[in-house]
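Q: What follows is a predicted protein model with its sequence.
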Amino acid sequence: MAQLARRSGVLITLVALALGSTASLAGGAEPIPRPTPKVAVIGTGGTIAGVSRTKVSFDDYQAGKLPVSRLVNDLRPEVNRIAGVTTQQFGNKDSNNYTIPEYRRLTAAVDHALKFNDGVVVTTGTDTMEEFAYWLDLTVRSDKPVVLTGAMRPWTVVGSDAPANLYNAIHLAASGRTTCFGTVVMLNDQIHAAREVRKSDTLRLNAFSSGSSGELGVIDQNHIRVNRAPARVEQCGKPGWKTPFDLDRIARRPLPKVDIAYSYQGAGPQAIKAFADAGAAGIVTAGSGAGGLSPAMTEARDDAVKNGVVMVSASRAAPAPSTTPMCAASSAPRA
Ligand code: ASP
């Protein structure tokens, strides 16, 4: 009984506060209308811009066909209520077809768009979306929202996730809720941090996962629920927020070549040797468990280190990104 009385007391206080604030709004000056946020949508292609053979050809379609302006126009007039949206066609192809020089230009396009907009949405294919996201997270200098989205089903099939994903991504960018988060990924109503997200299913709509860290939040129609933030938010507004990778200061020459060698039962030395012989400056090994390599690969790794290749050990077991990254770097000066 006493507990019920206490709860009712809390409720009465809440209702009184709510009524009080309504009363002061009603009695006082009109709230100043917030200007409609400006969002630029930069299209790069992928399934989200895909055209299917028929309305039910879920897997039989061509990615990167529809212009991004068409995708956004299909969302009008509804999208106009949440943002003033402009579009830019950066490219229109499969995500696997982008090169590192194109990534550099994409960073410049995003930073440029953020000078005139409150947020940017980048549409990409989902296959390498985690690479797009992490690259932008490391290189975009603005702390305004950058939201990546794509789709598992093309725009033109029944039950496509594409229009909802694009709408939610624009909504999230316009909300400013991920300011200082760096780049985030928005698909299937879920918001993921670029550093943590990976594509973890080849076909299902819930294709993206942040492992045991879990997503940052979700979007339920009008409600954007952010439950946690990437650690860099703590540096918001401070010089330390920006990563050291300022592309304006990194020489225009091609970035050093880094390859990935996957370990498996009985793996031979060939992959590491071939990468090193082809001029790799660094090789990341995706080892088993805590980073283990087969004896033949271990020997090839030691030889590569002696020849000046930077070797970084990671795990094919994809440890939870929230734990300390399992990286042991070893290197010797290049001969
Ligand atoms: N192959 C497509 C791409 O990555 C797949 C997708 O967008 O889902 O561009």
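A: Okay, I see it.

Q: Residue of the stretch 101-250 of the chain closest to the ligand, please.
A: Closest contact between the stretch 101-250 of the chain and the ligand, by CB to the nearest ligand atom, is at residue 125 (1.8 Å). (Each C-beta comes from the backbone N, C-alpha and C, glycine too.)

Q: Which secondary structure element is home to residue 286?
A: Following DSSP states H and E, one finds residue 286 within strand 282-287.

Q: Quick one: list the elements packing against that strand.
A: strand 258-262, helix 270-277, helix 295-306, strand 310-315 (3 or more CB pairs under 8 Å, 6 or more residues apart in numbering; DSSP states H and E).

Q: do that again at 7 Å, thanks
A: strand 258-262, helix 270-277, strand 310-315 (3 or more CB pairs under 7 Å, 6 or more residues apart in numbering; DSSP states H and E).

Q: Next to the ligand, which bits of the stretch 101-250 of the chain? Give me the list.
A: Counting by CB under 6 Å from any ligand atom, the stretch 101-250 of the chain comes close to the ligand at 125, 126, 127, 150, 152.

Q: and if we set it to 8 Å?
A: Residues of the stretch 101-250 of the chain that fall close to the ligand, judged by CB under 8 Å from any ligand atom: 124, 125, 126, 127, 128, 129, 150, 151, 152, 207.

Q: which residue packs closest to the last one, ignoring adjacent ones?
A: On the basis of CB to CB, 6 or more residues apart in numbering, the spatially nearest residue to residue 207 that is not a chain neighbour turns out to be residue 201, at 4.4 Å.

Q: Retrieve the pLDDT associated with that neighbour.
A: Looking at residue 201, its pLDDT reads 94.

Q: part of a helix, is it?
A: No: Residue 201 is assigned coil when assessed by DSSP: H, G, I helix; E, B strand; the rest coil, not a helix.

Q: Just give me the neighbour total for it.
A: 12 (other CB atoms under 10 Å).

Q: Check residue 30 too.
A: If we define neighbours as other CB under 10 Å, then residue 30 has 7 of them.

Q: what's the helix or strand for it?
A: Going by DSSP H and E, residue 30 is not in any helix or strand.

Q: What separation is there between it and the ligand?
A: From residue 30 across to the ligand, the span is 45 Å (CB to the nearest ligand atom, to the nearest Å).

Q: which of the residues of the stretch 101-250 of the chain next to the ligand lies closest to residue 255?
A: For these, the closest approach to residue 255 (CB to CB) belongs to residue 128, at 16.5 Å.

Q: partners of residue 292 in the sheet?
A: Judged by DSSP bridges, the bridge partners of residue 292 are residue 288.

Q: What distance do you get for it to the ligand?
A: Residue 292 is 31 Å from the ligand, by CB to the nearest ligand atom.

Q: What does the pLDDT read for that residue?
A: 96.

Q: and it, how many neighbours?
A: Neighbour tally, residue 292, other CB under 10 Å: 15.

Q: All further residue positions should be reported with the first residue as 19.
A: From this message on, residue numbering opens at 19, which makes the last subject residue 310.

Q: Stretch 124-131 - what's its average pLDDT?
A: 98.

Q: what's around residue 205, how many residues?
A: 28.

Q: how far away is it from residue 218?
A: Distance, residue 205 to residue 218, by CB to CB, to the nearest Å: 12 Å.

Q: Which neighbours do the two have in common?
A: Residues within reach of residue 205 and of residue 218 at once, by CB atoms under 7 Å, 6 or more residues apart in numbering, are residue 226.

Q: Is residue 261 in contact with residue 156, as I believe?
A: Yes: counting by CB atoms under 7 Å, residue 261 does reach residue 156; the two are 4.9 Å apart.

Q: Looking at these two, which one has more neighbours?
A: residue 156 (17 against 13).

Q: May I see the buried residues of stretch 207-215?
A: Along stretch 207-215, these residues count as buried under the neighbour rule (16 or more other CB atoms under 10 Å): 207, 208, 209, 210, 211, 212, 213, 214, 215.

Q: and if you look at stretch 256-269?
A: 260, 265.

Q: now the end-to-end length of that stretch.
A: 25 Å (CA to CA, to the nearest Å).

Q: pLDDT (mean, whole number) over that stretch?
A: 92.

Q: do stretch 59-74 and the ligand meet?
A: Yes: Stretch 59-74 comes into contact with the ligand (CB under 8 Å from any ligand atom), by way of 63, 64, 65, 66, 68.
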